[in-house]
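**Student:** Sharing a sequence plus its predicted fold:
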Amino acid sequence: MTKKLSKKNVDRLTRSLKVVKVEKDVENAWRELFSSYYSDAESKKNGSPIMSPYDTDGYIEVSNEMLNPLRILLEFKFKTNLNKLSDRVRITAQCIHYLRKFSKEKEAVIPNIIVGADEDQAFVLYVPNFLKYLDRDYNWESSPSSAWKDDPKLVNDLTKDKNMSVWVYTIDADNSSQRFDNVKSLFEEIKYLVEQPEDRSYKVQVTDVNMDELFSNFEKASFVDPKSVKTRTAVNIFMQTMIGNNQDYYLVPNNPNQLHIPGDKKISVNGSAIQAYFKHFDRNIKPSEKDKMFAIADRLIEDHSRRNKGDFWTPTIWANEANKMIEDVVGADYKEKSIVWDSASGTKNLTRDFKYSKLYSSTFFDEEINMSTKYNPNSVSFQYDFLNDDFYINNKEHGEYKTPVNTPNSDDWKMPDELFNDLINSGNKPIIFYTNPPYATANDLHANGKHKSGIAKNFVNDYMKIKKNGKSEYGNASQQLYAQFMVRMLKIIEDFNLKNVYIALFTNARFMSGGDYFRKFNGKFFSKFKFQKGCLLNAGEFADTSDQWPIMFSIYKLRSNYLDESIAENQKHEFEVKETKWENDNLSIRKYTKKIMETVYKEDALNYWAKETLKKHPEFSDTYPQLGKAMEESSGKSPRGKLYEGSLGFMVNNSNNIGKGTYQGGVYIFTSSAYESNGFNVMPENFDRAVVNFAARRTIAPNWITAQDNYKKPNVSDPIYSEFVNDSLIMSLFDNQSYQAAYRNWNDFNNIKGYKNRWANQWFWLDKEWIKNKADEKNSPVVFDDIRDDSDRFVAKEIKKRKFSEEASDVIMLSQMLYEEQLSSRQSSIIDLPQLSLEAWDIGWYQMKQINNIFPSKTMDWLKEKISKLKLKCEKNVYELNMLIK
């Protein structure tokens, strides 16, 4: 049993150690402390809990209070220096010979902790890391006390063992408080070591999954305040201490709860936990395994911080593929003949496996430079904020832009002199900006709805937002980090008057689909650069990122003659679509299709066409619900949605691409205003266009290749267009994002004159007289009463006028059958779901589905089959009407 360590015990230890004359005095002083700390009532009856089998200096067994039995082997010396590896090896060699003796017993019980100490210092070893030595061929005939000189092979092996790199506790610290803390930390380390299952001692397996788990556990155990330590710093500390880099990363002498890192910085840590944590691993890691570990470093950083920063590490196989593509475009000898600058190099995943005659690797983070020093050793690696550094003279915001003309001395630039001079004197030598920049935006939302403010705020962002004729030069693309990187490259090209330039980037593919968000950016970029070659790959190839959108690797060449921006903004290019595939235990990249990407802008875009005929109307005169869900008002206090007088409802219509309307659920219909506001009111004058927009956005089967494709307005002169409009009308009623609903007695909302507490669903599709008759026939008085003196809804009137395809007619017929069936269970549904206004005769699809959840119907299954059939037809016709290209 352990007891609380007292300062009195530690003071007694230090007083005794100060007056020792021989080794036995050291032993007696330490044994007294250990005996007191691990004593219990039973041991006091029988004397000290410390035994001395095989003439050891001490052996303690403690079997209660801890997960595993504690078995400590003690060894003490006089006039050694335990900071010296040779003296620690001397003690350890002796202990290993003792362990050998323990292991030869019939029912062997081997110590699991070694404590070595002298009159000034002490250290702790975790025995499972040293059991491997017991089965080797050493001089086991020598006595343990002479092993350090009689067993040179064992001493040599221990000297090379990384597990000998341990923290040494100082007992002769200057003040009593520090001495107490150090001794306390020693006992805490022992406690941490035995609190883990004994089978947790294992050789580190360098895998993506394992390293992530190890780092997470390390981060939680080691840092006093994990959230205050930057992810890159934490990963760097983890990697360097895992491989035993004690030169730059070590616990501060006399303060084991402070970790020293490069730059003479210190971080508050749980020193005992760090020591115990790493002793559970055999840190004799091969050089190849170290390379794997540092290759995974970006993965660890990406996993723990990418959601905020948007940076993704590049897997080696894709870095190799990018290199091949650059060779195809620039030349097989580009690495020998070009100046290459990776301006977001991270830990050099893009370049680490290749040799370059002129490579510059810059990153925002010092920690990444420290982690990647062994890669591209002949390159120039430097810390550099690509979006801020060297942008203004004296780095002062809104000052004069820095250029080689106004700042000709390389000493006045943060970039290395060598890079500055290479750019100045490049002549016609190829310069390649080759990088994988971060992809986040300042407006991306966290899960809690908060913006990532500040991520994309920098000098380049300000530069892109400078207005010309009252409008931003680069439009909304100024919020995109990868666009900012590209613009900074353009500025460097202009400032240094570069002539032969290539840009090779991994980016999100969205700007290749156009949209007014990227229009100005595309005009400026493509006026100067011509697309050469590109491929699309699934974003999921980049380690646990979403697999629902494409990443694009593309190569561009500086034009000799610039184009007019209005011409250059229009782009249409063919990309190879590639993926990794395992074949014969080998991971390779295969090309399996091609994809055309085309820019689409406002004048041709579906989302603008859908509201083009919408007139300006006055706002609804009474209060109205600002909806967040079909049957719920938004809890937000500052709604942006506005409902027009006479509106049929509001169509939320985020962006104009496939992914936003499908994967991300960014398109839906309400019968009142939407709090989110990104969309438009549906009025009679734009009704047909609205339902066409909805059907096109919702019926496409999404995949990652097409996720960023923007919709074009339909070819209205095509003979199938009119039928498509009517099919779309029916699709708009029965999609999972069809949230049209009727409300009764809900916060006094009313949109029908002459009624109170009644919000009509103008999207209701069935004839009012038929409903009234069926409500009477099915004895549904609530519905019958609700329909009295009411009138047909807008959509029901439209359906009476129109001719429908077989697929659409099937949906109408089965929906009518389902409505009739549900009249029999309507009263019970109202009782079970009072919040859903099911007494309304003009309920919507959302409300019908909730009734079916309580009273399932086979008719619902048939109806869903017919809806799916209609959806497939609509999807086909979206392409036929040239709204998308395959």
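**Tutor:** Received the coordinates, thanks.
**Student:** show me the contacts for R640.
**Tutor:** 675-677 (CB atoms under 8 Å, 6 or more residues apart in numbering). Any C-beta I mention is one placed from the backbone N, CA and C, and that applies to glycine too.
**Student:** can you do 7 Å?
**Tutor:** R640 makes contact with S677, according to CB atoms under 7 Å, 6 or more residues apart in numbering.
**Student:** same deal with K602?
**Tutor:** Counting by CB under 7 Å, 6+ apart, K602 makes contact with 516, 608.
**Student:** so how far is F518 from it?
**Tutor:** K602 sits 12 Å away from F518 when distances are taken as CB to CB, to the nearest Å.
**Student:** got it, and F218?
**Tutor:** From F218 to F518 the distance is 42 Å (CB to CB).
**Student:** Who has more neighbours out of these two?
**Tutor:** F518 (24 against 21; other CB atoms under 10 Å).
**Student:** Now that one: closest residue in space that isn't a chain neighbour?
**Tutor:** F511 (4.3 Å; CB to CB, 6 or more residues apart in numbering).
**Student:** the domain parsing of this structure - what is it?
**Tutor:** Per automatic domain parsing, the structural domains of the chain span 7-194, 202-270, 312-571, 604-880.
**Student:** hang on, isn't L587 packed against I317?
**Tutor:** Yes. Counting by CB atoms under 7 Å, I317 is a contact partner of L587 at 6.2 Å.
**Student:** what do those two both touch?
**Tutor:** Residues within reach of L587 and of I317 at once, by CB under 7 Å, 6+ apart, are T580.
**Student:** neighbours around the residue lying closest to A741 once chain neighbours are set aside, how many?
**Tutor:** Once flanking residues are discounted, A741 sits nearest to G844: 4.3 Å by CB to CB, 6+ apart. Per other CB under 10 Å, the neighbour tally for G844 reads 26.
**Student:** Surely G844 is in contact with Q737?
**Tutor:** No. Checked against CB under 7 Å, the pair G844 and Q737 is beyond contact range at 11.9 Å.
**Student:** Just want the phi and psi numbers for the residue nearest to K230 when sequence neighbours are not counted.
**Tutor:** Leaving aside its chain neighbours, K230 sits nearest to E367 (7.6 Å; criterion: CB to CB, 6+ apart). The phi/psi pair for E367 (degrees, to the nearest 10) reads phi -60, psi -30.
**Student:** Could you measure from E367 over to Y846?
**Tutor:** In terms of CB to CB, E367 sits 50 Å off from Y846.
**Student:** Looking only at neighbour counts, state which of the two leads.
**Tutor:** Shown here are E367 and Y846; by other CB under 10 Å, E367 has more neighbours (25 against 17).
**Student:** List the residues that contact the more buried one.
**Tutor:** Each residue near E367 by CB under 7 Å, 6+ apart is listed here: 232-233, 236.
**Student:** Relative to D291, how far out is it?
**Tutor:** Using CB to CB, E367 is found at 18 Å from D291.
**Student:** do the same with I50
**Tutor:** Computed with CB to CB, the distance linking I50 and D291 is 46 Å.
**Student:** which residues touch S677?
**Tutor:** Taking CB under 7 Å, 6+ apart, one finds 640-641 in contact with S677.
**Student:** now swap in A504 and tell me
**Tutor:** By CB under 7 Å, 6+ apart, the neighbours of A504 are 322, 326, 432, 434, 555.
**Student:** which of the contacts of E367 lies closest to P625?
**Tutor:** R232 (46.6 Å; CB to CB).
**Student:** For the closest one, which non-adjacent residue is closest in space?
**Tutor:** Once flanking residues are discounted, R232 sits nearest to E367: 4.1 Å by CB to CB, 6+ apart.
**Student:** which stretches of the stretch 701-850 of the chain form helices?
**Tutor:** Here the stretch 701-850 of the chain has its helices, by DSSP state H, counting those that start in this stretch, at 721-733, 768-777, 781-787, 794-801, 806-823, 826-832, 845-854.
**Student:** who's in contact with the second one?
**Tutor:** Contacts with helix 768-777, where a contact means CB under 7 Å, 6+ apart, come from 783-784, 787, 790-792, 796, 820, 823, 841.
**Student:** in it, what's buried?
**Tutor:** 768, 771-772, 774-775 (16 or more other CB atoms under 10 Å).
**Student:** Can you show me the CA trace of that helix as PDB?
**Tutor:** Taking Å, rounded to 0.1, in the frame of the first residue of the first chain, the C-alpha atoms of helix 768-777 are listed here in PDB:
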ATOM      1  CA  LYS A 768     -61.200  20.300 -52.300                       C
ATOM      2  CA  GLU A 769     -64.700  18.700 -53.000                       C
ATOM      3  CA  TRP A 770     -63.200  15.300 -53.300                       C
ATOM      4  CA  ILE A 771     -61.500  15.700 -49.900                       C
ATOM      5  CA  LYS A 772     -64.800  16.900 -48.400                       C
ATOM      6  CA  ASN A 773     -66.700  13.900 -49.700                       C
ATOM      7  CA  LYS A 774     -64.000  11.400 -48.500                       C
ATOM      8  CA  ALA A 775     -63.800  13.000 -45.100                       C
ATOM      9  CA  ASP A 776     -67.500  12.500 -44.700                       C
ATOM     10  CA  GLU A 777     -67.300   9.000 -46.100                       C
END
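**Student:** Report the distance from that helix to the chain centre.
**Tutor:** Distance of helix 768-777 from its chain centroid, counting by CA atoms, centre = their mean, to the nearest Å, is 55 Å.
**Student:** what does the first one give?
**Tutor:** In terms of CA atoms, centre = their mean, the gap separating the centre of helix 721-733 from the centre of its chain is 40 Å.
**Student:** From G523, how far off is T507?
**Tutor:** 17 Å.
**Student:** One more: F680?
**Tutor:** For F680, the distance to G523 equals 27 Å [CB to CB].
**Student:** Identify the bridge partners of E579.
**Tutor:** Taking DSSP bridges as the rule, E579 bridges to R590.
**Student:** for the residue nearest to E565 when sequence neighbours are not counted, helix, strand, or coil?
**Tutor:** The shortest distance from E565 to any non-neighbouring residue, by CB to CB, 6+ apart, is to G523 (3.5 Å). Classification of G523 by DSSP: H, G, I helix; E, B strand; the rest coil places it in helix.
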